[in-house]
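Colleague: Give me the fold of what follows.
(2 chains)
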Amino acid sequence: MSQDGCLVKILVNGEPQEVGLNVSVDGLLVSLGYGGKAVAVAVNRDFVPRSSYPQTRIQEGDEIEILAPMQGG
Amino acid sequence: MRVAVHRPFTIGEVELKSRLLLGTAQYPSPDVMVRAIEASRCEVITVSLRRQNAAGGGGEGFWDIIRGLGLHVLPNTAGCRTVQEAITVANMGRELFDTSWVKLELIGDDYTLQPDPIALIEATKVLAEDGFEVLPYMTEDLVVARRLVDAGCRVLMPWGAPIGSGQGILNPYALRTLRSRLPDMTLLVDAGLGRPSQAAEAMEMGFDGILLNSAVALAQDPVLMAKAFSRAIEAGRQGFEAGLIPSREMGVPSTPTLGTPFWQQQAAGKEEGS
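Modeller: Numbers count the residues shown, from 1 in each chain, chains lettered A, B, ... in the order given. Now for the predicted structure:
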């Protein structure tokens, strides 16, 4: 997934992770085990629509939220 | 201003038969949740979005159950404290649950979980403009309600009392005022109810519906409590539609006084004595 083998440090749901530089949101979801699952994504507190996953590239220091359906009141 | 008593209950363009909206959290098990939802005969259930481990299957299990019920889903923004957070979570919910409805929750005080009215209005403007059907969880303030209507809300959801507190309707005056000043708005009481009678009280005031969670989910028998609330809400609505009598200080006989036995003698006796 990484273009030049470099790793960048990011936060996924508040937990530190290292991923390949310029990996797409698509690629990130697959590598974290969320591929094909019912989730929605925000990068740095902004919503990223599913249609934008391929062209949205993860950068050093990005804060990613991956949210799933849950019980609520 | 008179509230139209026989109008249908709608959220946006959707007409609903049940006036109960039920939360999906805090039940002892998924099975009890499903049975409580079915017993309540509600048509709208609230859901949320949370972080979950991919290893734990994400939210797939829960989402499969919810989809299986075939009801309208109302995603919330529970836990959001800023306008930006709420807008982001609302958008994530719209994509994930494939609905433009959002229960907009923006907490301004951690102890009481009181909604932040200023942030609510700001977020509502953005979301309504973007095509969301915004159902704001709000305090009972009339002017905030007017601003939310101006911002694009077609449904308002004032609290009865703080979320999960079970205290019932703490400010009946303010809720009655909201009802009479906004006769054409769909108004739901959301949060704070503990007893079916409190739901009936809100419905007798002319509220269009009730959103509940803790009072049902945390009851000793959630399935039976769901049924109890459902019936109380129907009873309260019917009471409102039937037209309640005004309360009076004095007793007024209900049995006809004409033809009262021994009336002549009693009256004569009293007159003689006076």
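Colleague: For the helix or strand hosting B:Ile87, name the packing helices and strands.
Modeller: Assigned by DSSP states H and E, B:Ile87 belongs to helix B:83-97. For helix B:83-97, the elements it packs on are strand A:40-43, strand A:46-48, strand A:63-71, strand B:44-51, strand B:72-75, strand B:101-104, helix B:117-129, judged by 3 or more CB pairs under 8 Å, 6 or more residues apart in numbering or on different chains; DSSP states H and E. All C-beta spots, glycine's among them, are computed from the backbone N, C-alpha and C.
Colleague: Please identify the deepest-packed of the ones you listed.
Modeller: Mean neighbours per residue, mean count of other CB atoms under 10 Å in any protein chain shown, is largest over the helices and strands packed on helix B:83-97 for strand B:101-104, with a mean of 26.
Colleague: Point me to the residue of chain A nearest chain B.
Modeller: Taking CB to the nearest CB as the measure, chain A has A:Gly72 as its residue closest to chain B, at 2.8 Å.
Colleague: got the contact list for that residue?
Modeller: Shown in contact with A:Gly72 (CB atoms under 8 Å, 6 or more residues apart in numbering or on different chains): B:Gly23, B:Thr24, B:Ala25, B:Thr46, B:Val47, B:Ser48, B:Leu49, B:Pro75, B:Asn76, B:Ala78.
Colleague: Write out the residues of chain A neighbouring chain B.
Modeller: By CB under 8 Å from any CB of the partner chain, the residues of chain A that approach chain B are A:13-14, A:32-34, A:37-42, A:45-47, A:49-50, A:65-73.
Colleague: Repeat the analysis, applying 6 Å as the threshold.
Modeller: A:13, A:32-34, A:37-38, A:40, A:42, A:45, A:47, A:67-73 (CB under 6 Å from any CB of the partner chain).
Colleague: ok, back up a step: B:Arg195: which of the helices and strands packed on helix B:83-97 is closest?
Modeller: B:Arg195 lies closest, by CB to CB, to one member of these: strand B:44-51, at 20.1 Å.
Colleague: Is that closest one positioned near chain A?
Modeller: Yes: counting by CB under 6 Å from any CB, chain A has neighbours in strand B:44-51: B:Thr46, B:Val47, B:Ser48, B:Leu49, B:Arg50, B:Arg51.
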